[in-house]
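> I'll drop the sequence and a predicted model, then ask my questions.
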Amino acid sequence: MPGASVSAEFAGLPAEELAVRLGAALELVRRLRSVAESNQALMSEQETRHASELAQRDRQIQELADRVAQLERKGGRDSSNSSKPPSSDSAFERGKRAERGKDRSLRKKSGLKPGKQPGTGSATLRLVDDPDETFYCPPPVCGCCGGDLADAPVTGQQRCQVTEITPPPPPRISEYRVQAKVCGTCGTTMVGVPPAFAKARASYGPHTHAQGCNLVVGHFLPIGRAVAVLRQVGGIIVSTGWMAGVRGKAAARLEPFMDHVRMLLRQAGVLHVDETPAHAGGRLEYVHVACTKYLTHLHTGGRSAADIDAGKVLPGYTGTIMRDGYVGYGHLIIALHAWCGAHTLRDLKGVYDFDAKQVWATSMATLLVQINDAARAARAAGATGLDPSDLEEFRARYHALITEGQRYNRNRHHQAAADAKRLLRRFEKHEDMILRFMIDLTLDFSNNQAERDVRPVKVQQRSSGGCWRTLQGLADFAIVHSYLSTAGKWGIDKLEALEQLFSTGPWLPPAATPGIASAAA
């Protein structure tokens, strides 16, 4: 056996030799143990280094993943799920989202097909009894035998009328000769007084001024195109300088109107306010709006509290201000504040679009829509408020959804969770503002009135190359548009309002609402 042979080999050796061999073996074991320990230490060091490298790579991967998620969220934001204006939406992305089944609008679909609906009235062009010209179209010869039909009697006829634009007539020039007369009794020389619009040696009349101002403000045309349209349609040639200055002329005449509208707005129970950026004079300015269903007031400035107060409408106002979440209105502590429901729905949609597991967001949006439906039905029924039991139920569901959202996002730290937590803090902190439309049935659910009234600023800016040359031009546009918007809300044609402005002075709304005006009359 191998073991026996080895024992026999060592049995014949002297003790000194065995001691030497044992020492050599122990030294070899020591060296092997040292090498093993060195290898173990090296392996431990490598494992530690690899673990550190892996942890660093995990952090980098997580950072890159968060960055990709933020970029995807930024690229996926539009006017349907954020506070971005509709003008910033891409037409191409809009079509892609529609193909993927994502509806950009928060409105419910009506289910109706595009185009004219069955049962609606028609607007056919009618025949007139006294046309300006009449042309006869008899058959010249017989189509059967070729006989001449010039003297044949007319047995029937069909009327066909064509309405056409006539070439513009030449401008009508009226001359006012200011005469002087000497009194035969006392010898005093008296000089006549021409109309206010005929003070200059040669000038354009009120109607021409109104047409020009209507083109550049009422129809948002750039100066050059407004000059061309006035020449082609009105037959009058004006310079680009004159057209550029007509807006300022109108604004200078509207100071009494602006003062009057400020006074009426401060009497209103609810004001819609908003602001929008505009590029003017090489920098970013803001246009602020305060409005109701029948009044519009715009002014320019920055975005600070002082700039908001510069409109002289909101300082000291004691009614209810319907607004978005901009903190610049927070200094208006005397008034009550209501949060725009449409903005809230867009923010909830933004949370759900980027994290479909945020079910509380869709439930909260559904709750707000249900409350709005209930408030609308109560208004239609002539009620002054919702039933107390309904109010209690709505608030209980509101608080339960906040708790659900907080529980779901408690241990989550990605960007979608951060946005959800921020939105939940808003629901918790500003409950009274968000649900004020549920308590006060005179309030609208959204701030769309203000957004509609301030949108023409963007329309004019985009049609004029994306900017305003001067801040004064933007300020003049804000004043004139306030006038035209208010006149339109009262059913007054823009051109008629401008003709009155340039003839006798601005039209003034008789009251804050037509109902008050009728009662006063």
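Nice, thanks for sending it over.
> L112 belongs to a helix, doesn't it?
No: assigned with DSSP: H, G, I helix; E, B strand; the rest coil, L112 falls outside any helix and is coil.
> That one: neighbouring residues, count only.
8 (other C-beta atoms under 10 Å). Every C-beta, even on glycine, is put in place using the N, C-alpha and C of the backbone.
> Next, the contact list for it, please.
With contact set as C-beta atoms under 8 Å, 6 or more residues apart in numbering, L112 has no partners.
> now F257
Contacts for F257 (C-beta under 8 Å, 6+ apart) come out as S482, Y483, T486, P506, W507, L508.
> From these, list just the buried residues.
Neighbour-count burial (16 or more other C-beta atoms under 10 Å) is assigned, among the contacts of F257, to S482, Y483, T486, P506, W507.
> quick one: the first one from N214, how far?
In this view, S482 and N214 are 15 Å apart by C-beta to C-beta, to the nearest Å.
> likewise the second one?
In this view, Y483 and N214 are 11 Å apart by C-beta to C-beta.
> Stretch 307-324 spans what distance, first to last residue?
Start-to-end span of stretch 307-324 (C-alpha to C-alpha, to the nearest Å) is 17 Å.
> next one: stretch 186-204
Where stretch 186-204 begins and where it ends lie 38 Å apart, using C-alpha to C-alpha.
> what do you get for stretch 282-302?
Stretch 282-302 has its terminal residues 14 Å apart, counting by C-alpha to C-alpha.
> got it, and stretch 199-212?
Span of stretch 199-212 from end to end, C-alpha to C-alpha: 20 Å.
> how about the nearest residue to G311 once chain neighbours are set aside, secondary structure?
Leaving aside its chain neighbours, G311 sits nearest to H299 (4.3 Å; criterion: C-beta to C-beta, 6 or more residues apart in numbering). Of the three states, H299 takes strand under three-state DSSP.
> How many residues are close by H299?
Around H299 there are 21 residues (other C-beta under 10 Å).
> Let me see the contact set for T208.
With contacts defined as C-beta under 8 Å, 6+ apart, the neighbours of T208 are P171, L230, G234, I236, V238.
> Report the contact partners of the nearest residue to the fourth one once chain neighbours are set aside.
Spelled out, it's I236. Of all residues not flanking I236 in the chain, P171 sits nearest, at 4.8 Å (C-beta to C-beta, 6+ apart). Applying C-beta under 8 Å, 6+ apart, one finds that P171 lies in contact with T208, G235, I236.
> From what I see, E431 and L401 are in contact.
No: using C-beta atoms under 8 Å, E431 is not in contact with L401, being 11.8 Å away.
> More neighbours: those two, which one.
Using other C-beta under 10 Å as the criterion, E431 and L401 rank with L401 on top: 21 against 15.
> shouldn't V261 be in contact with H297?
Yes: using C-beta under 8 Å, V261 is in contact with H297, at 5.1 Å.
> Overlap of the contact sets of the two?
With C-beta under 8 Å, 6+ apart, V261 and H297 have common neighbours S482.
> for the chain, which helix is longest?
Longest helix in the chain by number of residues, with DSSP state H as the criterion: helix 15-76.
> I'd like to know the average pLDDT value across that one.
Throughout helix 15-76, pLDDT has a mean value of 82.
> before we move on, back to that, did I read that right, the residue nearest to I236 in a strand?
No: per three-state DSSP, P171 lies outside any strand segment and is coil.
> for L474, what are its contacts?
Counting by C-beta under 8 Å, 6+ apart, L474 touches A278, A280, E285, V287, T300, V457, W468.
> check contacts around the closest residue to the second one other than its chain neighbours.
Right, the one you point to is A280. Spatially, and ignoring its direct neighbours in sequence, A280 is nearest to W468 (3.8 Å; C-beta to C-beta, 6+ apart). Contacts of W468 were listed using C-beta under 8 Å, 6+ apart, and they are A278, H279, A280, G281, Q461, L474, F477.
> Which of the helices or strands spans the residue lying closest to the fifth one once chain neighbours are set aside?
Excluding its sequence neighbours, the residue lying closest to Q461 (C-beta to C-beta, 6+ apart) is A278, at 5.8 Å. Using DSSP states H and E, A278 sits within strand 270-280.
> Please apply the same query to G245.
Here G245, judged by DSSP H and E, is contained in helix 240-252.
> Next secondary structure element downstream of that helix?
Helix 240-252 is succeeded, C-terminally, by helix 255-265 (DSSP H and E).
> where does the closest residue in space to S174 that isn't next to it in sequence land on pLDDT?
Nearest non-adjacent residue to S174, counting by C-beta to C-beta, 6+ apart: G205, 7.3 Å away. For G205, the model assigns a pLDDT of 90.
> For I173, see how far away G205 is.
For G205, the distance to I173 - C-beta to C-beta - is 9 Å.
> Could you do A305 as well?
Remark: distance between A305 and I173 (C-beta to C-beta) = 53 Å.
> Please identify which of those two sits among more neighbours.
Set A305 next to I173 and count neighbours by other C-beta under 10 Å: A305 wins out with 16 against 7.
> Pull the number of nearby residues for the closest residue in space to that one that isn't next to it in sequence.
By the measure of C-beta to C-beta, 6+ apart, the closest residue to A305 outside its immediate chain neighbours is H331, 4.6 Å from it. By the criterion of other C-beta under 10 Å, H331 has 14 neighbours.
> quick one, phi psi at H331?
Phi and psi for H331, reported as degrees, to the nearest 10, are phi -80, psi -10.
> any chance of the contacts of F257 in CSV, with pLDDT too?
Formatted as CSV, those follow (pLDDT from 0 to 100):
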residue, pLDDT
S482, 97
Y483, 97
T486, 97
P506, 96
W507, 96
L508, 96
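> And these, which is closest to P114?
Of all the contacts of F257, P114 sits closest to T486, with 33.2 Å by C-beta to C-beta.
> show me what contacts that closest one?
Residues near T486 by C-beta under 8 Å, 6+ apart: F257, V261, Y294, L295, T296, P509.
> With pLDDT and distance to D309 as new columns, can these be given to me in JSON lines?
Converted to JSON lines, these look like this (pLDDT from 0 to 100; distance: C-beta to C-beta, whole Å):
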{"residue": "F257", "pLDDT": "97", "distance to D309": "20"}
{"residue": "V261", "pLDDT": "97", "distance to D309": "16"}
{"residue": "Y294", "pLDDT": "96", "distance to D309": "23"}
{"residue": "L295", "pLDDT": "97", "distance to D309": "18"}
{"residue": "T296", "pLDDT": "97", "distance to D309": "18"}
{"residue": "P509", "pLDDT": "95", "distance to D309": "23"}
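> which pair in the residues you listed spans the largest distance?
F257 and Y294 (13.9 Å).
> about what we covered before: pLDDT value on the residue nearest to A280, please?
Listed pLDDT for W468 reads 85.
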